[in-house]
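Chemist: Here is my input; please provide its structure:
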Amino acid sequence: VRHFFLRTRPEMGDLQINLKPKDDRKRASHEIALQARAMLRNIPVPKGGSLIVVEVPPGPPVISTLLAEVYHKDGATRRQIADNLKALMAKIPYIVDIDDYYGTPRPKTVLIPNRAAMTSLGVNEGQVLQSISAAMNGISVGSLNRGNDREPLNIEISLPQENRDWNGALSAMPVAISQSATGARLVEIGEIVQANETQQNYPIFRRDGLQAEMVVADLAGKYEAPIYGIFDTNKAIANHNWGALPTPKISWHGQPKDENDATILWDGEWELQIAIGGFDTDSIDFNWDCFWPRNIWRAIYGDFHDWLYRPRGDNCAKFDFISGFHSQRKNPR
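Modeler: Below you'll find the model as predicted:
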């Protein structure tokens, strides 16, 4: 749920705040989250970084309240469309915590061994790998017996984190002793390894075999139901100048059949609530008579007169369509 497992990656941090039981506090958890988001809004973050307030369910088991899946056969085109989509969302005041799942590629250093130089100097690959591992990851040199049946203390030598970059000092680190006709001498890493600076690849996300870029967001303020954010974003998409990029089609349900066309599929709480609303609770069969599109619009206008707009037929799902659009998704707790 909401990809908690991804926050274990080294570039991500997760600060969890535990609240008192709801009977021991005056405010609901959602009110506290809104205040926390306002307090954190002006904190500067590094370029390419993001700071997000995530409310732990109860709630639908979705990645995010608002989720747009961008489909196209070309990865660069998908990411450009997603970047434009994020910029459009940022102009809507009540859409907050906008982020994506592709991020910014991080720099990567590739060390390529010079095998001819290694052979002439009598250095093998194992010595090179051991030296690089010791420099980048540290090396255990022994343990300290603390007595009293306590676990021994491991002794490890490592460079400070800020110095674990490829630089002149690291390239001058000795690897081994080379024996030659002129005598013995120390061999430095820079003599037998070439460093190439490049970037990591973008992560690849697939859903049912189709590659997609994920754009996520939450809602706070004037409106908090996803349907309002979807409608306002769709208006912005229709009025946006996409230039050389293909104008994306909007899909409300189901993945595109043709990846040659750019498509934005709205998912998240919207997809879950609407899908639930189209099931027959007696036979667990999908009931299109209760579903799309008539009762969707009934639900939207029923926000004010929900007692007038109920699905027809006794076999329609006993489901309050309004809960799919109304801020009741935030269960007070």
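Chemist: Please parse this structure into its domains.
Modeler: 4-103+206-329, 107-199 (automatic domain parsing).
Chemist: Least reliable of the ones you listed by average pLDDT, please.
Modeler: Among those, domain 4-103+206-329 carries the lowest mean pLDDT, a mean of 75.
Chemist: what sits against G103?
Modeler: 48, 202-203 (CB atoms under 8 Å, 6 or more residues apart in numbering). (C-beta placed from N, C-alpha, C; glycine too.)
Chemist: Same question for G221.
Modeler: 93-94, 96.
Chemist: try D149
Modeler: Contacts of D149 by CB under 8 Å, 6+ apart: none found.
Chemist: check which helix or strand covers V216.
Modeler: Assigning secondary structure by DSSP states H and E places V216 in strand 210-219.
Chemist: SS state for I32?
Modeler: helix (DSSP: H, G, I helix; E, B strand; the rest coil).
Chemist: wait, doesn't it sit right on L19?
Modeler: Yes - using CB atoms under 8 Å, I32 makes contact with L19 at a distance of 6.7 Å.
Chemist: Would you map the strands across this protein?
Modeler: Assigned by DSSP state E, the chain shows strands spanning 66-71, 95-100, 107-113, 139-144, 153-157, 174-180, 183-188, 193-199, 206-207, 210-219, 249-251, 263-268.
Chemist: follow-up on the earlier one: closest to R27 out of the contacts of G221?
Modeler: Of all these, the one with the least separation from R27 (CB to CB) is V96, at 18.9 Å.
Chemist: What separation do you get for the closest one and D218?
Modeler: 5 Å (CB to CB, to the nearest Å).
Chemist: How about E11?
Modeler: 21 Å.
Chemist: Looking at those two, which is more packed in?
Modeler: More crowded of E11 and D218, by other CB atoms under 10 Å: D218, with 23 against 9.
Chemist: show me the contacts for the residue lying closest to that one once chain neighbours are set aside.
Modeler: Once flanking residues are discounted, D218 sits nearest to D97: 4.4 Å by CB to CB, 6 or more residues apart in numbering. Neighbour list for D97: 37, 50, 52-54, 216-218 [criterion: CB under 8 Å, 6+ apart].
Chemist: Apply 7 Å and report the result again.
Modeler: With contact set as CB atoms under 7 Å, 6 or more residues apart in numbering, D97 has these partners: 52-53, 217-218.
Chemist: Could you tell me how many residues sit around the residue nearest to Q194 when sequence neighbours are not counted?
Modeler: Nearest-residue entry for Q194: I112, 4.7 Å, with adjacent residues in sequence omitted and distances by CB to CB, 6+ apart. Neighbours of I112 under the rule other CB under 10 Å: 9.
Chemist: hang on, isn't I112 packed against E197?
Modeler: No - look at I112 against E197 with CB atoms under 7 Å: they stay out of range, at 11.9 Å.
Chemist: Quick check: the gap between I81 and D218.
Modeler: From I81 to D218 the distance is 21 Å (CB to CB).
Chemist: ditto for I43
Modeler: 17 Å.
Chemist: And stretch 63-73, what's buried?
Modeler: 63-72 (16 or more other CB atoms under 10 Å).
Chemist: Same list, the residues you listed, but as TSV with distance to I177 please.
Modeler: Listed next are these as TSV, based on distance: CB to CB, whole Å:
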residue	distance to I177
I63	55
S64	57
T65	62
L66	61
L67	58
A68	59
E69	57
V70	56
Y71	58
H72	56
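Chemist: Max pairwise distance over these: which two?
Modeler: T65 and H72 (24.2 Å).
Chemist: By neighbours, which of the contacts of G221 wins?
Modeler: For the contacts of G221, neighbours tallied by other CB under 10 Å; top is V96, 22 neighbours.
Chemist: show me the contacts for that residue.
Modeler: 37, 217-220.
Chemist: Between those, which sits nearest N239?
Modeler: A217 (19.0 Å).
Chemist: show me the contacts for the closest one.
Modeler: By CB under 7 Å, 6+ apart, the neighbours of A217 are 64, 66, 89, 95-98.
Chemist: tally of neighbours for N260?
Modeler: Neighbours around N260, by other CB under 10 Å: 9.
Chemist: pretty sure it contacts Y71?
Modeler: No - between N260 and Y71 there is no contact under CB under 7 Å: 10.1 Å.
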